[in-house]
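Chemist: build me a structure from this.
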Amino acid sequence: MIQAPSPALPWLLEGRHRDTIETLARVRDFLPEDATIIPGHGRPMRPADIEFPLSYLRELDAAVSKAVEEGRSVEETLETVSMAHYGEYSLFDWAHTSVNVPAAYRHFEDGGKVAGSS
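Modeler: This is a model prediction of the structure:
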């Protein structure tokens, strides 16, 4: 689901952040530039607006992957992966800290590939 235009962020309630990255990129690339997207909340968007949540998810992926590779616990990862520059979103603290970072961490903890691994 495309939840809302920026500064809203995806909620990874079921995890699967890498699937979300792939799906959002495919949707963005499929749609003509002038297509109108009606998100679940907020104002209509253009396909280019999908880049905001994609940037967040890619940064989240890289940062959590690095923390796991360094052997950090989920608590330590939450401290190091603050990504405060996305903090304009009214639900940032909840979505990022309580949902998204732990979901990405579980992905890597459960055997998902970390950046730079084969």
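Chemist: show me what contacts the residue of the chain most remote from its centre?
Modeler: In the chain, counting by CA atoms, centre = their mean, Asp34 sits farthest out from the average C-alpha position, at 24.3 Å. Shown in contact with Asp34 (CB atoms under 8 Å, 6 or more residues apart in numbering): Arg46. Heads up, the C-betas are built off the backbone N, CA and C, glycines and all.
Chemist: now do the same end-to-end measure for stretch 96-104.
Modeler: Stretch 96-104 has an end-to-end distance of 10 Å (CA to CA, to the nearest Å).
Chemist: quick one: mean pLDDT over that stretch.
Modeler: Mean pLDDT, stretch 96-104: 97.
Chemist: may I see the buried residues of that stretch?
Modeler: Using 16 or more other CB atoms under 10 Å as the test for burial, stretch 96-104 gives 96, 99-104.
Chemist: among these, which lie within helices?
Modeler: Judged by DSSP state H, the buried residues of stretch 96-104 include 101-104 as members of helices.
Chemist: JSON lines for the residues you listed, including distance to Val74?
Modeler: JSON lines is the format used below for these (distance: CB to CB, whole Å):
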{"residue": "Val101", "distance to Val74": "8"}
{"residue": "Pro102", "distance to Val74": "6"}
{"residue": "Ala103", "distance to Val74": "10"}
{"residue": "Ala104", "distance to Val74": "10"}
